[in-house]
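Participant: Here is my input; please provide its structure:
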Amino acid sequence: GSPLCMYQFGNVFGFGREPKTDIDAITYHPFTKHVVVICQNQYFKVPVIDDSGNAVLSVEALQKRLDEIKNVSQSNPIATR
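Facilitator: Model (predicted):
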C-alpha cells in the first residue's frame, strides 16, 4: 500500500469535551502529559509524558499499569442504571 500522511496524527490526541450550559465545547490541549483510561465506567489518569517530553513509562510498565487498572475496576465495580 501507499504510505499515509501523518500530518493529522497530531490532532488525534489532546482533545477533550468540556461540558457547557447550552452546548459542550471541544477543546484542544496540545501539551497534555497524560491519558485517561476508562474501564468499567471508572476513569483513571495515567501520566505518559514528563516535562521534557519523554515517555514516563516503558511499554512493559504501561502494560502493567493497564492490567492494574483492569483489576481495580473489576474488583470495585460501579453500579450503573
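
Participant: Every contact and neighbour count from this point should use C-alpha atoms.
Facilitator: Fine.

Participant: wouldn't residue 32 be in contact with residue 14 here?
Facilitator: Yes - A contact is recorded between residue 32 and residue 14 when judged using Cα atoms under 8 Å, the distance being 6.0 Å.

Participant: Report the secondary structure state of the spatially most central residue of the chain.
Facilitator: By Cα atoms, centre = their mean, the mean C-alpha position of the chain lies nearest to residue 35, the distance being 2.5 Å. Three-state call for residue 35 (DSSP: H, G, I helix; E, B strand; the rest coil): strand.

Participant: Is it correct that it is in contact with residue 43?
Facilitator: No - with contact defined as Cα under 8 Å, residue 35 and residue 43 do not form a contacting pair (10.1 Å).

Participant: what about residue 31, distance to residue 44?
Facilitator: From residue 31 across to residue 44, the span is 19 Å (Cα to Cα, to the nearest Å).

Participant: Please apply the same query to residue 20.
Facilitator: Relative to residue 44, residue 20 is positioned 23 Å away (criterion: Cα to Cα).

Participant: neighbour count winner among these two?
Facilitator: Here residue 20 and residue 44 are set side by side on neighbour count (other Cα atoms under 10 Å), and the busier one is residue 44, at 14 against 8.

Participant: Any idea how far whichever strand or helix holds that one is from the middle of the chain?
Facilitator: Residue 44 is part of strand 42-47 when elements are defined by DSSP states H and E. Between the mean C-alpha location of strand 42-47 and the chain-wide mean there is a distance of 7 Å, by Cα atoms, centre = their mean, to the nearest Å.
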